[in-house]
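J.: only geometry, no sequence info:
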């Protein structure tokens with residue numbers, strides 16, 4: 001069941017919000033506000049160390065000595081959190097590793113930090129998401 005409520009915003013803030021929601025192709029303000037609220041709930045799940053899901057994307061130099069071996073070793077240390085991993089050869093030097101993870105937020109963040117800190121890793125990002133259990 002949907003409930004209506006009214007909010008008041010400064011005119012300039014509303015103009016900026018309308019510009020952003022148009023750029024992001026929202027059909028209306030309500031959908032954009034719902035997404036903002038859900039995003040804040042997802043952040044709370046991560047801060048509260050709840051069960052979460054996410055995607056780690058990592059670009060690294062595969063010529064870096066023993067780096068691939070270290071990446072594999074770390075992934076084995078967190079095998080309970082790893083759902084799937086895909087390795088892509090982007091060019092002669094760079095590889096992309098995409099790892100889908102599920103588990104306690106703290107453990108998933110720890111895995112991300114360990115991968116990020118390896119020498120030869122050029123970029124490592126975590127896309128945080130939710131199991132969806134608590135979002136309706």
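T.: Thanks, I have it. The model shown is predicted, which means the values in this text are computed figures rather than measured ones.
J.: The helix or strand harbouring residue 98: what's the following helix or strand?
T.: Per DSSP states H and E: residue 98 is located in strand 94-104. Counting by DSSP H and E, the next helix or strand C-terminal to strand 94-104 is helix 105-116.
J.: which residues in the chain form helices?
T.: Using DSSP state H, the helices found in the chain span residues 11-23, 29-47, 67-77, 105-116.
J.: Now for the residue nearest the centre of the chain: which residues touch it?
T.: Against the mean C-alpha coordinate of the chain, by CA atoms, centre = their mean, the closest residue is residue 127 at 1.0 Å. Shown in contact with residue 127 (CB atoms under 8 Å, 6 or more residues apart in numbering): 54, 55, 56, 57. Backbone N, C-alpha and C define where each C-beta goes, glycine included.
J.: Neighbour-wise, give me the winner out of these.
T.: Each of those was scored by neighbours using other CB atoms under 10 Å; the highest score is residue 54's, at 24 neighbours.
J.: Next, work out how far apart it and residue 46 are.
T.: Distance of residue 54 to residue 46, given as CB to CB, to the nearest Å: 9 Å.
J.: same question, residue 57
T.: For residue 57 relative to residue 46 (CB to CB), the value is 17 Å.
J.: can you check residue 130 too?
T.: Taken as CB to CB, the span from residue 130 to residue 46 is 9 Å.
J.: Also residue 82?
T.: From residue 82 to residue 46 the distance is 18 Å (CB to CB).
J.: Low-confidence regions, the chain specifically.
T.: 136 (pLDDT under 70).
J.: Can you pull the domain assignment for it?
T.: 11-47, 51-130 (automatic domain parsing).
J.: Endpoints of the last one, how far apart?
T.: Taking CA to CA, to the nearest Å, the first and last residues of domain 51-130 lie 8 Å apart.
J.: Show me what the closest residue to residue 89 other than its chain neighbours bridges to in the sheet.
T.: Leaving aside its chain neighbours, residue 89 sits nearest to residue 95 (5.7 Å; criterion: CB to CB, 6 or more residues apart in numbering). In this entry, residue 95 is beta-bridged to residue 60, residue 89, by DSSP bridges.
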